[in-house]
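Trainee: have a look; sequence and predicted model below, questions after that.
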Amino acid sequence: MKAYLLAPLALSLGLFFAAPLSAADDLAQCQNYMVATELKFKYCYQDKVAAERELEELKRQYANERTALKERIRELERELENLRAQLAAMTEQLKQEQDNSSQRIAELEKTIALLQAKSTGREKDLLEANQELERRFNAQIAELQRQLKEQADKNQEKVGALDEEIAKLMREVSNLNQELDRLKQLTKSQKAELERLKAQEKELAQQLEQEIQNGEIRLKKFHDKLTINIDNRISFDSGSAKLKKAVFPAFQKIAKILANYPENRIVIEGHTDNDPIARGRFKDNWDLSAERALSVLRYLLKNKDLDPKRFSAAGYAEFQPLVPNDSASNKGLNRRVDIVLLPRVK
């Protein structure tokens with residue numbers, strides 16, 4: 001296709017080229033832009049659905065646990081009430097037995113006194129038999145009192161254990177309520193951080209408008225992280241980890257914006273395609289991707305307003321591609337350095 005025929009198409013897609021490109025370059029840039037846009041939409045939508053499902057599942061789990069604990073507490077309170085009623089009834093029964101025993105003993109003592117006053121041989125025998133019955137009766141009363149006291153002590157211990165279990169369950173309910181409140185507060189903080197990420201994305205899009213239109217930089221927001229995707233064409237020569245000067249202005253803009261958001265953590269990720277390293281100072285794609293990430297990190301930290309404690313670097317070789325490595329254009333998308341912005345929610 002002629003270059004002059006591609007110009008209207010480039011304008012309709014909102015693309016801008018600093019210099020005339022070949023038809024193959026035009027087509028590749030269009031394809032890259034379309035793939036990046038589709039990926040951005042897909043990841044954002046999937047993350048929104050996942051976040052909503054996760055929040056609903058948390059709410060459902062805590063609601064179920066709180067309901068179950070409250071029902072268990074009600075059951076224990078009913079059992080405790082029944083035990084207290086039984087204990088009161090047994091205490092009343094013991095008191096009545098004691099009163100009856102005292103009355104019976106008094107009556108027996110009167111009978112004994114009367115018999116002693118009018119005793120004969122036969123009466124003495126009856127008196128001794130009566131005394132034996134009295135001893136047996138007193139022994140039975142003492143045993144009954146012992147049994148009642150033992151049962152009352154056991155019930156009292158059980159009441160104490162139930163009181164302790166209820167207190168424990170109440171503490172668990174309180175802890176669950178506190179955890180739920182913390183999760184709600186965390187959700188609010190996460191929403192605020194997501195709003196900050198949106199503002200940061202907007203600021204980056206404005207400052208890097210030219211690079212984005214040229215297909216050299218892509219912005220991708222995925223739930224709780226924002227990724228600045230640096231195309232390998234403007235950052236490194238093939239098989240090299242030395243930054244090209246052409247990328248310096250873009251990195252200076254990025255560093256300035258990063259300084260405005262001091263709570264973010266920044267991870268610099270190096271990625272390659274699956275072509276093996278032929279020769280040179282790098283052993284493999286792991287080595288190359290890690291060195292490229294470190295080159296970007298060191299350049300960004302030339303801005304003294306950035307705190308090095310917030311930064312880290314990682315190399316992923318060819319093992320986290322954006323698209324399958326089955327064509328030259330796809331491999332071009334996979335050769336990249338990502339600056340990943342992660343909000344820190346306290």
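Mentor: Yes, it's here.
Trainee: can you give me the neighbour number for Asp99?
Mentor: 10 (other Cβ atoms under 10 Å). To be clear about C-beta, it is placed using only N, CA and C from the backbone, and glycine gets the same treatment.
Trainee: part of a helix, is it?
Mentor: Yes. Secondary structure of Asp99 (DSSP: H, G, I helix; E, B strand; the rest coil): part of a helix.
Trainee: any idea how far Leu144 is from it?
Mentor: 13 Å (Cβ to Cβ, to the nearest Å).
Trainee: got it, and Glu157?
Mentor: 21 Å.
Trainee: and the two? which has more neighbours close in?
Mentor: Leu144 (14 against 10).
Trainee: check the secondary structure at that one for me.
Mentor: helix.
Trainee: that one against Glu97, yeah?
Mentor: Yes. Look at Leu144 against Glu97 with Cβ atoms under 8 Å: they come within range, at 6.4 Å.
Trainee: give me the number of residues near Thr272?
Mentor: So Thr272, with other Cβ under 10 Å, has 29 neighbours.
Trainee: show me the contacts for the closest residue to it other than its chain neighbours.
Mentor: Residue nearest to Thr272 in three dimensions, not counting chain neighbours: Asn285, with 4.3 Å by Cβ to Cβ, 6 or more residues apart in numbering. The neighbours of Asn285, taking Cβ atoms under 8 Å, 6 or more residues apart in numbering as the test, are Thr272, Asn274, Pro276, Ile277, Ala317, Glu318.
Trainee: so what's the residue nearest to Ser235 when sequence neighbours are not counted scoring on pLDDT?
Mentor: Nearest non-adjacent residue to Ser235, counting by Cβ to Cβ, 6+ apart: Val247, 4.7 Å away. pLDDT for Val247: 93.
Trainee: and Phe41, by the same measure?
Mentor: 69.
Trainee: over to the one 4 residues further on?
Mentor: Model confidence at Tyr45, expressed as pLDDT, equals 69.
Trainee: and the one 4 residues further on, by the same measure?
Mentor: Reported pLDDT at Val49 in the predicted model: 73.
Trainee: got it, and Gly332?
Mentor: At Gly332, the pLDDT recorded in the model is 88.
Trainee: quick one: list the elements packing against whatever helix or strand it lives in.
Mentor: Assigned by DSSP states H and E, Gly332 falls within helix 328-334. The elements that helix 328-334 packs onto, with contact taken as 3 or more Cβ pairs under 8 Å, 6 or more residues apart in numbering; DSSP states H and E, are helix 23-117.
Trainee: so, low pLDDT: which residues of the stretch 201-346 of the chain?
Mentor: 223, 345-346 (pLDDT under 70).
Trainee: show me where it has its strands.
Mentor: Listed in chain order, the strands of the stretch 201-346 of the chain (DSSP state E, counting those that start in this stretch) span 217-222, 225-231, 265-271, 311-315, 336-342.
Trainee: let me know the angle separating the first one from strand 336-342.
Mentor: Pointing back at strand 217-222 there. For strand 217-222 against strand 336-342, the angle by axes from the mean of the first three to the mean of the last three Cα atoms, to 10 degrees is 40 degrees.
Trainee: give me the distance between the residue nearest to Thr272 and Asn100.
Mentor: With Cβ to Cβ as the criterion, Asn285 and Asn100 are 97 Å apart.
Trainee: once you drop chain neighbours, what's closest to Ala290?
Mentor: In space, Ala290 is closest to Gly315, 2.9 Å off (Cβ to Cβ, 6+ apart).
Trainee: so what's Phe311 up against?
Mentor: Arg265, Ile266, Val267, Ile268, Leu297, Leu300, Leu301.
Trainee: most neighbours, which of the residues you listed?
Mentor: Busiest of those [other Cβ under 10 Å] is Ile268, holding 25 neighbours.
Trainee: hey, what's that one bridged with?
Mentor: Ala313, Ile339 (DSSP bridges).
Trainee: thought it was touching Val337?
Mentor: Yes. Counting by Cβ under 8 Å, Ile268 touches Val337, with 6.8 Å between them.
Trainee: any common contacting residues for the two?
Mentor: Joint contacts of Ile268 and Val337 (Cβ under 8 Å, 6+ apart) are Ala293, Val296.
Trainee: the helix or strand hosting Glu193 to strand 217-222, inter-axis angle?
Mentor: Under the criterion of DSSP H and E, Glu193 resides in helix 121-207. Interaxial angle, helix 121-207 versus strand 217-222 (the same axes, to 10 degrees): 160 degrees.
Trainee: other SSEs contacting helix 121-207?
Mentor: helix 23-117, strand 217-222, strand 225-231, helix 248-259.
Trainee: now tabulate these in JSON lines and tack on distance to Lys242.
Mentor: Shown next, in JSON lines, are these (distance: least, Cβ to Cβ, whole Å):
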{"stretch": "helix 23-117", "distance to Lys242": "24"}
{"stretch": "strand 217-222", "distance to Lys242": "19"}
{"stretch": "strand 225-231", "distance to Lys242": "14"}
{"stretch": "helix 248-259", "distance to Lys242": "12"}
